[in-house]
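> Okay, sequence plus prediction incoming.
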Amino acid sequence: MTLNNILQQRPSWLAEGKEADVVLSCRVRLARNIAGAPFPAQAGDNALAAVMRVAGEAVDELSRRLGRTFTWIELDKMTEIDRAVLVEKHLISPLQAGNPRLRAAIVSDDGAVSVMVNEEDHFRIQVMMPGLGLENVLEIADKVDDVLEEGMNFAFDEKFGYLTACPTNIGTALRATAMLHMPGLVLVRQVDNMALAAARVGLIVRGMYGEGSEVLGDIFQVSNQLAMGYSESELVESMTNMVEQIASRERLAREQLMEKQRAGLEDMVWRSYGTLSCARLLENAEAMSLYSKALLGIDLNILKIPKEIIYQLMVDTREGHILRAAGAGTEPCSKEWLRAKIVRDRLAEVKLT
Amino acid sequence: MLCEKCKNKPATVYITKLINGQKTEHMLCIDCARKEHALPEGLETGPVSVDSLLKGFFGASQVSVPGPQAESAVCPVCGMTMPKLAECGRFGCNECYKVFDDAALRTIKHIHGRKRHIGKIPARVGGAFSMRRKIVDLRTKLETHVSREEYEEAAKLRDEIKRLEKDLASVPEVKDDFK
């Protein structure tokens, strides 16, 4: 698998999974560090390069044991736009993209597994799948962890568990995340209450691209806040239960809206579809908000087009993807035009039933 | 999520107020939070982040624990110092957790309460730890059997504990020799 393929191909988490009407995708992240080596923020070039070396040695073994092909990607050997594409595919973090020197990612051919090297910690193992299936995701992350560990001693303490740069991550160093589409709760103005309730049971609710990112298209990331004092499977199990609860609230809100404001809802969905099909300039935030309404329309059987088209647009019309597809020399001011054109062309291929 | 006051801008500040034992919670935008005088000093420039809170923890422990190591300690692996730790809110390497013992313990207690790690143990560095944990588990089981006068079961467990203790003694110390 070449870098080119990974950049072009649609990641496997971008599909319909379990509870797909609300849960777009789920992810498990494990943070790991090598004992006796400074964490990336404190490390000089030699230390960073040494971590890159041991990470590189694990690539073949990962491919053999995980039954997927892994590719080694050095972040300073690619363009800024290509790095943006990797961020938009959730394969690397914005933190890594902004500081690419002596940083790398080990990425599986289907885009489901990535190991970020020299992010905040030496390794961030990340596995992502469509829908709600955190147990399966954890199982894969656990295997990746086992393979990596064979080549090095991990920083570990009997009381504190896995040691990480940030003391909030110690313990299992596991973060389970579900990406939730909640237009219903947004419309009935219940998201704030949901977020407060979630905070009380130890969950954080954030925007689509994690810490500090804004909420776009009614998509929220829900993750566990702390990871010590519970086993990995307990964390994933309670997370799954809570996400199911939140999803049932979202469904209830949609039912109520359908019952009480059906005409308004249908109008909103069709207007959104109309704008998407005809607009000549689309900003990202507006596009995301329109996609959200189209997805809601599909879920409620108002709009009968394949969901996959909208999923695909959600990633393909992000800034990095647009600029990469347009090629070199694109004027930054024409992004909105290009975005609107991609959307129009894709929707023109769809037959409304 | 929109600010619950102006219902216009996105809410970025999450505030819990405790007044006369009454707890109230609010999600506000930065402007409304400022108007409400709800922002702690030094946080007026941006939303409350994990970063700013962590700096607070380390900073506070530095003031309240002027112990011998706190001020002058330097981590031999990564060169971290106490003032630097208070500034960045992140440890520099695994050794820091030992070097800045007091600060680490206080911060961890603030964040995690009295919890201990009970999840996965790495096979390589955690071998001895796994065995110790197993021995503790077996001892508890042994006591239960003894109290129920199930001596045959108890004898089996006693032998297994003895075997594990012997194995444990032969596990070599793990050295952090990463270069």
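Here it is on my side, so go on. Residues are numbered from 1 along each chain as shown, chains lettered A, B, ... in the order given.
> Give me the next element, helix or strand, following the helix or strand encompassing B:V125.
Using DSSP states H and E, B:V125 falls within helix B:123-147. Sequence-wise, the next helix or strand downstream of helix B:123-147 (DSSP H and E) is helix B:151-169.
> What ranges does chain B have for its helices?
Taking DSSP state H, the helices of chain B run over residues B:30-35, B:50-64, B:68-72, B:82-88, B:96-99, B:101-112, B:123-147, B:151-169.
> Which secondary structure elements does the last one sit against?
Translated: helix B:151-169. Helices and strands touching helix B:151-169, as assessed by 3 or more Cβ pairs under 8 Å, 6 or more residues apart in numbering or on different chains; DSSP states H and E, comprise helix B:123-147. Yep, even glycine has a C-beta here, placed from its N, CA and C like the rest.
> do the helix holding B:V125 and chain A meet at all?
Yes: using Cβ under 8 Å from any Cβ of the partner chain, we find that helix B:123-147 touches chain A at B:123-126, B:129, B:132.
> Could you work out the most separated pair of these?
For these, the maximum inter-member distance is 15.6 Å, found between B:R124 and B:R132 (Cβ to Cβ).
> Name the nearest residue to A:L86, sequence neighbours excluded.
Computed as Cβ to Cβ, 6 or more residues apart in numbering or on different chains, the closest residue to A:L86 that is not its neighbour in sequence is A:I92, at 4.6 Å.
> Please report how far the one you found lies from A:P183.
28 Å (Cβ to Cβ, to the nearest Å).
> same deal with A:K351?
Between A:K351 and A:P183 the distance is 25 Å, computed by Cβ to Cβ.
> Which one's more surrounded, these two?
Neighbours per residue, other Cβ atoms under 10 Å in any protein chain shown: of A:K351 and A:P183, the larger number sits with A:P183, 27 against 6.
> Is that one in contact with A:A294, as I believe?
No: with contact defined as Cβ atoms under 8 Å, A:P183 does not count as touching A:A294 (10.1 Å).
> Could you check how far the residue nearest the centre of chain A is from A:V113?
Centroid check for chain A by Cα atoms, centre = their mean gives A:H90 as the closest residue, at 4.6 Å. Using Cβ to Cβ, A:H90 is found at 11 Å from A:V113.
> pLDDT value on A:W72, please?
A:W72 carries a pLDDT value of 96.
> returning to that earlier point: let's see if you can find the most crowded of the residues of helix B:123-147 next to chain A.
Highest neighbour count within those: B:G126, with 22 neighbours (other Cβ under 10 Å).
> can you pull the contacts of that one?
Residues in contact with B:G126 (Cβ atoms under 8 Å, 6 or more residues apart in numbering or on different chains) are A:156, A:158.
> And for B:G119?
Per Cβ under 8 Å, 6+ apart, neighbours of B:G119: A:161, A:171-172, A:174, A:230-232, A:235.
> ok, it to B:A33 distance?
37 Å.
> Tabulate the residues of helix B:123-147 next to chain A (a markdown table), appending pLDDT.
Below are those laid out as a markdown table (pLDDT from 0 to 100):
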| residue | pLDDT |
| --- | --- |
| B:A123 | 84 |
| B:R124 | 81 |
| B:V125 | 78 |
| B:G126 | 75 |
| B:F129 | 77 |
| B:R132 | 81 |
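> any idea which of those is closest to A:R64?
A:R64 lies nearest to B:A123 out of the residues of helix B:123-147 next to chain A, by Cβ to Cβ, at 18.4 Å.
> and that closest one, what does it touch?
With Cβ under 8 Å, 6+ apart, B:A123 has these contacts: A:146, A:149, B:130.
> again, but for A:R254
Residues near A:R254 by Cβ under 8 Å, 6+ apart: A:183-184, A:296, A:299-300.
> A:S25 too?
Counting by Cβ under 8 Å, 6+ apart, A:S25 makes contact with A:13-14, A:17, A:128-131, A:178-179.
> Which members of those residues are the farthest-apart pair?
The largest separation in the contacts of A:S25, counting by Cβ to Cβ, is between A:L14 and A:A178 at 15.1 Å.
> neighbour count winner among the two?
A direct count of neighbours by other Cβ under 10 Å for A:L14 and A:A178 places A:A178 higher, at 26 against 19.
> Skipping adjacent residues, who's closest to the residue nearest the centre of chain B in space?
Nearest to the geometric centre of chain B sits B:I108, at 3.3 Å (Cα atoms, centre = their mean). Distances taken as Cβ to Cβ, 6+ apart put A:P167 closest to B:I108, at 5.7 Å, once the chain neighbours are dropped.
> Is the one you found in contact with B:I111, as I believe?
Yes: here A:P167 lies in contact with B:I111, judged by Cβ under 8 Å, at a distance of 6.0 Å.
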